[in-house]
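K.L.:
Sequence first, predicted coordinates after that:
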Amino acid sequence: MVVEEMGNLKALVVKMPFEKDLGNVIQVARAEGKKIFRNADKIVVLDVIRRDYGWIVVVQNSTVVGKG
């Protein structure tokens, strides 16, 4: 799993070579997001991109998002 940081956003590369079900990929990304953000209450998946090497999933810790 590769992680790129941008404040409360993280880009994950989820490698599930035989997985075709997008729901499972999202569940894995949210679980990994909870680990990265240290048990955040609400992890939101912002984007999912399919590539030959895996899935790129952008997750956000929405509990630290401020107004404005």
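P.N.:
Sure, I can see it. Numbering: from 1, shown residues only.

K.L.:
C-alpha only now, for contacts and for neighbours.
P.N.:
Noted.

K.L.:
What are the buried residues along stretch 10-29?
P.N.:
10, 11, 12, 13, 14, 15, 25, 26, 29 (16 or more other CA atoms under 10 Å).

K.L.:
What are the boundaries of the strands in this protein?
P.N.:
For the chain, the strands defined by DSSP state E occupy 2-6, 9-14, 43-51, 54-61.

K.L.:
For residue 34, find the nearest of these.
P.N.:
Checking those against residue 34 by CA to CA gives strand 43-51 as the closest, at 6.7 Å.

K.L.:
That closest one pairs with which strands?
P.N.:
strand 54-61 (antiparallel) (DSSP bridges).

K.L.:
Touching the strand it pairs with from outside, list them.
P.N.:
The contact list for strand 54-61, computed with CA atoms under 8 Å, 6 or more residues apart in numbering, reads 8-17, 25-26, 29-30, 33, 37, 40, 42-50.
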